[in-house]
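Chemist: Next input, structure requested:
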Amino acid sequence: MFRPASVAVVATLLLTLIGATPAAAAIEPVPSFGSNPGNLKMFRYVPTGLPAGRPVVVALHGCTQNASGYGSGAGWTQLADRLKFSVVLPEQQSGNNFNKCFNWFERGDTTRGQGEAESIAQMVRRTIADTGADPARVHVTGLSAGGAMTAVMLATYPEMFAGGGVVAGIAYRCAASMVDAFSCMNPGKNRTPSALGDAVRAASPHTGPWPTVSIWQGSADYTVAPANATELVEQWTNVHGIPATPTSTDTVAGYPHEVYAAGGRAVVEKYTITGMGHGQPLDPGTGSTQCGTAGAYLLDVNICAAWHMGSAWRLAA
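Modeler: Take a look at the predicted model:
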């Protein structure tokens with residue numbers, strides 16, 4: 001029996017033979033993907049003719065956003081066509097959170113096997129089964145509440161993800177309630193690296209290897225204070241067992257970039273987008289390193305975070 005991905009390849013070949021152009025892919029709902037304890041919606045983008053064995057990226061929107069708007073606006077669907085990977089797009093429902101924020105601060109949604117975290121994990125499993133994707137090449141990323149939920153997924157299901165990208169997000173287990181969440185966002189909390197790392201280590205039975213983490217933060221973000229990026233660096237360098245001191249620094253598109261390496265490999269990195277407020281860094285255009293469409297919380301700052309994450313994750317390989 002053909003896998004769904006194999007059927008798509010055969011269909012594309014047949015259309016080519018008769019001179020027809022395959023229909024463009026679209027973001028589509030997936031109504032059933034498991035028990036869905038977090039009551040989330042699942043959307044997905046699978047490029048036409050995507051072969052088996054390709055990567056998966058989970059992209060988590062921010063508050064007031066939706067799955068399709070973030071997936072296309074941040075550049076992930078554009079890159080999926082170019083680099084050939086599938087995109088899982090979870091969507092929050094207003095019945096769960098009035099502002100459609102993922103509940104990154106609720107224990108019932110940030111514990112392995114429960115709530116929204118388990119719903120997202122089920123979406124990943126469904127996509128791997130449907131597309132024949134490589135389970136060793138799954139990544140997760142998100143903006144703001146989606147960035148904080150990215151940290152949740154990396155902590156609670158570290159065996160599922162090769163890497164993650166946290167944009168204007170917050171360290172795992174910073175908050176235990178909605179009221180507590182606001183103090184995490186601004187001015188932020190200051191916990192020890194060991195306490196931050198212990199929170200991740202206690203979240204699952206996993207003992208490593210751990211996902212790589214790319215951290216993106218605007219220096220003028222007054223919604224999620226830049227101190228949160230420091231907490232994320234300290235959390236994930238501690239998990240990886242390395243100092244929270246960069247092994248190298250440089251600039252990328254004029255912005256400061258810090259690399260934290262272990263065994264000669266970058267396992268944590270931080271981009272500071274100077275002068276940028278709260279949002280996803282974009283560089284709209286058709287150039288090889290460009291992607292995204294500017295809009296609310298989708299900011300044209302001449303660097304596309306999605307492309308740089310995808311490059312670090314070697315999605316084109």
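Chemist: Return the residues in contact with C63.
Modeler: N97, N99, K100, C101, S144, A145 (C-beta atoms under 8 Å, 6 or more residues apart in numbering). All C-beta atoms are positioned from the backbone trio N, CA, C, and that covers glycine.
Chemist: Now stretch 62-77: buried residues?
Modeler: With burial defined by 16 or more other C-beta atoms under 10 Å, the residues of stretch 62-77 counted as buried are 62-63, 65, 67-77.
Chemist: between the contacts of C63, which is nearest T245?
Modeler: S144 (27.3 Å; C-beta to C-beta).
Chemist: So for the residue nearest to the closest one when sequence neighbours are not counted, what's the pLDDT?
Modeler: Excluding its sequence neighbours, the residue lying closest to S144 (C-beta to C-beta, 6 or more residues apart in numbering) is G62, at 3.6 Å. The confidence metric pLDDT takes the value 98 at G62.
Chemist: How about L13?
Modeler: L13 is assigned a pLDDT of 41 by the prediction.
Chemist: How about A306, nearest residue that isn't a chain neighbour?
Modeler: According to C-beta to C-beta, 6+ apart, the nearest residue to A306 is G75 (4.1 Å).
Chemist: which residues does that neighbour contact?
Modeler: Going by C-beta under 8 Å, 6+ apart, G75 touches L282, C291, G292, T293, C304, A306, W307.
Chemist: Kindly recompute the last result at 7 Å.
Modeler: With contact taken as C-beta atoms under 7 Å, 6 or more residues apart in numbering, G75 is in contact with L282, C291, G292, C304, A306, W307.
Chemist: Please enumerate residues in contact with whatever helix or strand the fifth one lives in?
Modeler: When secondary structure is defined by DSSP states H and E, A306 falls within helix 305-312. With contacts defined as C-beta under 7 Å, 6+ apart, helix 305-312 is touched by 74-76, 79, 83, 141, 165, 167, 214, 216, 280-281, 289-292.
Chemist: Now, of those residues, which are buried?
Modeler: Judged by neighbour count, with 16+ other C-beta under 10 Å as the criterion, the buried members of the contacts of helix 305-312 are 74-76, 79, 83, 141, 165, 167, 214, 216, 280-281, 290-292.
Chemist: which one among these gets closest to G254?
Modeler: Closest to G254, out of all of the buried ones among the contacts of helix 305-312 and judged by C-beta to C-beta, is P281, at 11.9 Å.
Chemist: can you confirm that closest one is in a strand?
Modeler: Yes - using DSSP: H, G, I helix; E, B strand; the rest coil, the secondary structure at P281 is a strand.
Chemist: What's opposite it in the beta bridge?
Modeler: L299 (DSSP bridges).
Chemist: any idea how far P256 is from it?
Modeler: When distances are taken as C-beta to C-beta, to the nearest Å, P281 and P256 turn out to be 13 Å apart.
Chemist: and the end-to-end length of stretch 87-105?
Modeler: With C-alpha to C-alpha, to the nearest Å as the measure, the first residue of stretch 87-105 is 25 Å from its last.
Chemist: for stretch 105-122, that is, sorry about that
Modeler: 20 Å.
Chemist: in the protein, which segments are predicted with low confidence?
Modeler: Residues of the chain that meet the criterion pLDDT under 70 lie in 1-23.
Chemist: ranges for the strands of this structure?
Modeler: In chain order, the chain shows strands spanning 28-29, 41-45, 56-60, 86-91, 138-143, 163-167, 212-218, 248-252, 255-262, 265-273, 280-282, 298-300, with DSSP state E as the criterion.
Chemist: As CSV, these with distance to A117 would be great.
Modeler: Below are the strands of the chain laid out as CSV (distance: least, C-beta to C-beta, whole Å):
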stretch, distance to A117
strand 28-29, 21
strand 41-45, 14
strand 56-60, 11
strand 86-91, 10
strand 138-143, 11
strand 163-167, 13
strand 212-218, 17
strand 248-252, 31
strand 255-262, 25
strand 265-273, 22
strand 280-282, 22
strand 298-300, 25
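Chemist: Cool, thanks, talk later.
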